[in-house]
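Asks: Sequence unavailable; structure follows:
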């Protein structure tokens with residue numbers, strides 16, 4: 001007779017294992033095995049409580065009576081009537097009448113379902129994997145003094161059978177949630193990148209429109225004004241010494257305006273490409289400054305610098321433009337170097353000098369670091385600056401896509 005009972009229990013455990021196979025979530029797993037488990041441990045209510053990994057929360061999944069335990073979102077373990085089991089202080093509970101057992105009723109405990117549904121005799125065992133408590137398996141009866149130590153032994157065996165499956169389901173759901181979060185973050189990042197790229201294009205278009213308006217209208221007006229001043233200065237009735245300072249000031253304003261227009265319309269970039277445009281700006285900036293500064297430009301990007309989208313090329317040109325201007329005006333440098341290089345799937349642009357350093361340069365009148373950082377971010381690049389081996393550098397690292405175009 002005993003052998004028949006053991007064989008029957010063994011078959012039931014095998015059936016439970018078979019029913020669990022292929023179940024992908026906690027609710028379906030509980031429902032799949034509830035009837036078979038009821039043949040071993042009769043119950044009016046069964047639930048599995050699963051601890052959220054790395055947190056102080058748990059979630060309940062029920063079979064039989066449906067209570068508020070499973071209707072709540074993940075709840076704090078400290079409010080659970082079986083918190084001592086969930087935190088590892090004990091491996092099991094068995095009580096003849098849970099409505100009167102002080103272990104289930106303490107300040108802050110959510111034990112209302114015990115009273116609301118008349119749950120009396122209760123049996124709880126820890127679900128453990130590799131010695132870690134991942135949750136609890138609970139049985140309840142509407143009758144008092146219903147469960148025995150033999151039922152507790154069966155519950156522990158069932159718990160040992162269920163724990164690895166529930167551990168795997170928990171791990172799968174955690175991985176799925178992480179994948180969802182990562183994908184959502186990637187989609188947001190891509191949407192922001194595309195939006196920022198479009199904004200950069202619109203800003204650049206507006207900047208060039210302003211440059212053309214200044215060239216066609218304002219600079220034309222100033223040029224005509226300068227010619228009239230020049231004619232006046234040749235007249236005997238007008239003192240030349242009065243007009244000369246005004247004429248020089250006007251010429252300087254026109255020169256400044258031409259520089260603004262040139263910066264607003266990087267025609268060299270459009271005609272000859274990014275590297276030549278930066279080289280042209282580097283040479284002109286040094287020449288216009290009147291300083292003795294050696295210049296060097298190297299392109300070791302294996303052609304990547306010439307395959308950039310117009311938006312990315314313009315943005316890198318603006319960053320280089322700002323960095324070169326800072327070096328010429330504030331760094332007190334004797335050499336300025338611009339270098340393109342390719343490392344794996346990234347294009348690197350670096351502007352460096354042997355001047356007084358970033359801190360002193362900032363105090364000299366502002367380095368525009370924030371502008372460069374924002375520009376780099378708009379095209380999905382990484383911006384860095386600092387001092388290295390006695391040289392001050394500004395560096396932009398940009399990921400290239402499969403076709404070699406900057407993203």
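Replies: Perfect, I can see it now. Note that this is a predicted model, so its numbers are computed, not measured.
Asks: wait, isn't residue 155 in contact with residue 139?
Replies: Yes: at 6.5 Å, residue 155 counts as touching residue 139 under the criterion of C-beta atoms under 8 Å. Just so you know, the C-beta spots here come from the backbone N, C-alpha and C atoms, and that holds for glycine as well.
Asks: higher neighbour count, these two?
Replies: residue 139 (29 against 23; other C-beta atoms under 10 Å).
Asks: sorry, back to before: shared neighbours of residue 155 and residue 139, anything?
Replies: Residues touching both residue 155 and residue 139 (C-beta atoms under 8 Å, 6 or more residues apart in numbering): 41, 123.
Asks: what are the ranges of the helices in the stretch 251-400 of the chain?
Replies: Using DSSP state H, counting those that start in this stretch, the helices of the stretch 251-400 of the chain run over 267-272, 274-289, 310-330, 358-363, 369-378.
Asks: and of those helices, who's closest to residue 122?
Replies: Nearest to residue 122 among these is helix 369-378 (57.4 Å), distances taken as C-beta to C-beta.
Asks: and the closest one, what does it pack onto?
Replies: The contact analysis (3 or more C-beta pairs under 8 Å, 6 or more residues apart in numbering; DSSP states H and E) places helix 369-378 against helix 149-213, helix 310-330, strand 382-388, strand 391-399.
Asks: ok, then the element right after the longest one?
Replies: If I follow you right, that is helix 149-213. Heading C-terminal from helix 149-213, the first helix or strand you meet, by DSSP states H and E, is helix 219-233.
Asks: Show me how the record splits the chain into domains.
Replies: Annotated domains of the chain cover 2-183, 268-407 [automatic domain parsing].
Asks: Lowest average pLDDT across those domains?
Replies: In terms of mean pLDDT, the lowest-scoring of these is domain 268-407 (a mean of 85).
Asks: Redo the domains of the chain as JSON lines? Include distance to residue 226.
Replies: Listed next are the domains of the chain as JSON lines, based on distance: least, C-beta to C-beta, whole Å:
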{"stretch": "domain 2-183", "distance to residue 226": "61"}
{"stretch": "domain 268-407", "distance to residue 226": "20"}
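Asks: sorry, back to before: can you lay out the helices and strands packed on helix 369-378 as JSON lines showing distance to residue 346?
Replies: Shown next, in JSON lines, are the helices and strands packed on helix 369-378 (distance: least, C-beta to C-beta, whole Å):
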{"stretch": "helix 149-213", "distance to residue 346": "16"}
{"stretch": "helix 310-330", "distance to residue 346": "13"}
{"stretch": "strand 382-388", "distance to residue 346": "8"}
{"stretch": "strand 391-399", "distance to residue 346": "5"}
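Asks: which of the ones you listed sits most buried?
Replies: helix 310-330 (a mean of 22; mean count of other C-beta atoms under 10 Å).
Asks: before we move on, the earlier item: and residue 340, which of the helices of the stretch 251-400 of the chain is closest to it?
Replies: Using C-beta to C-beta, the nearest of the helices of the stretch 251-400 of the chain to residue 340 is helix 274-289, at 6.7 Å.
Asks: Could you check that closest one and say which residues are buried?
Replies: Going by neighbour count (16 or more other C-beta atoms under 10 Å), the buried part of helix 274-289 is 274, 275, 277, 278, 279, 280, 281, 282, 285, 286.
Asks: Serialize those to TSV and add fields for distance to residue 113.
Replies: Below are the buried residues of helix 274-289 laid out as TSV (distance: C-beta to C-beta, whole Å):
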residue	distance to residue 113
274	69
275	72
277	73
278	71
279	76
280	78
281	74
282	75
285	76
286	80
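Asks: picking up where we left off before, how about the domains of the chain, which one is nearest residue 248?
Replies: That would be domain 268-407 among these, by C-beta to C-beta, at 16.8 Å.
Asks: quick check, distance from the closest one to the centre of its chain.
Replies: 26 Å (C-alpha atoms, centre = their mean, to the nearest Å).
Asks: got it, and stretch 168-183?
Replies: On C-alpha atoms, centre = their mean, the centre of stretch 168-183 falls 17 Å from the chain's centre.
Asks: just checking, residue 32 is part of a strand?
Replies: No: counting by DSSP: H, G, I helix; E, B strand; the rest coil, residue 32 falls outside a strand, being helix.
Asks: Tell me the spacing between the closest residue to it other than its chain neighbours and residue 288.
Replies: Distances taken as C-beta to C-beta, 6 or more residues apart in numbering put residue 19 closest to residue 32, at 4.5 Å, once the chain neighbours are dropped. According to C-beta to C-beta, to the nearest Å, residue 19 and residue 288 sit 82 Å apart.
Asks: A strand includes residue 124, no?
Replies: Yes: Residue 124 forms part of a strand when assessed by three-state DSSP.
Asks: any idea how far residue 131 is from it?
Replies: When distance is defined by C-beta to C-beta, residue 124 is 18 Å away from residue 131.
Asks: Cross-check the contact I'm expecting between residue 43 and residue 140.
Replies: Yes: between residue 43 and residue 140 there is a contact at 6.2 Å, judged by C-beta under 8 Å.
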